[in-house]
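**Q** Only the shape, not the letters, is given here:
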């Protein structure tokens with residue numbers, strides 16, 4: 001069986017990437033609909049990292065996924081009532097701003113905390129069977 005050496009830097013990047021991209025997508029949400037692109041891309045990143053040989057990388061990806069996919073599911077449910085909510089919040093722009101602020105509060109602080117925490121982890125080179 002062949003083996004591959006995974007560097008500490010590579011593992012750290014893998015642990016941080018899902019959270020970095022999720023935070024970026026949410027911060028840029030009103031300017032450019034990058035959230036839609038990231039929803040598709042996140043599935044690829046999540047499925048690759050959730051089977052990573054290092055369980056610490058899997059944990060960072062798992063909890064980043066909980067936050068991001070939970071928010072996306074809530075946004076999907078919100079879209080079903082957008083006609084009603086538009087009237088409640090005084091227009092589509094106001095509703096967009098409320099959704100954006102709620103998204104910022106849910107994803108950004110915890111995502112930044114996970115990025116910083118992963119940066120401080122004691123990453124070590126590992127050997128994984130291919």
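**A** Arrived safely, thanks for sending. Only a predicted model underlies this, so the values are computations on that prediction, with no experimental measurement involved.

**Q** Residue 31 is in what secondary structure piece?
**A** Residue 31 is part of no helix or strand, with elements assigned from DSSP states H and E.

**Q** need the helices for this structure, in chain order.
**A** Counting by DSSP state H, the chain has helices at residues 8-27, 34-49, 55-80, 82-89, 92-120.

**Q** out of these, nearest to residue 128?
**A** helix 8-27 (10.2 Å; Cβ to Cβ). Where you see a C-beta, it was placed from the backbone N, CA and C, and this is true even at glycine.

**Q** That closest one: which residues count as buried?
**A** Neighbour-count burial for helix 8-27, counted by 16 or more other Cβ atoms under 10 Å, picks out 11-12, 14-23, 25-27.

**Q** can you pull the contacts of the nearest residue to residue 45 once chain neighbours are set aside?
**A** Distances taken as Cβ to Cβ, 6 or more residues apart in numbering put residue 18 closest to residue 45, at 5.4 Å, once the chain neighbours are dropped. Going by Cβ atoms under 8 Å, 6 or more residues apart in numbering, residue 18 touches 42, 45-46, 49, 60-61, 64-65, 68.
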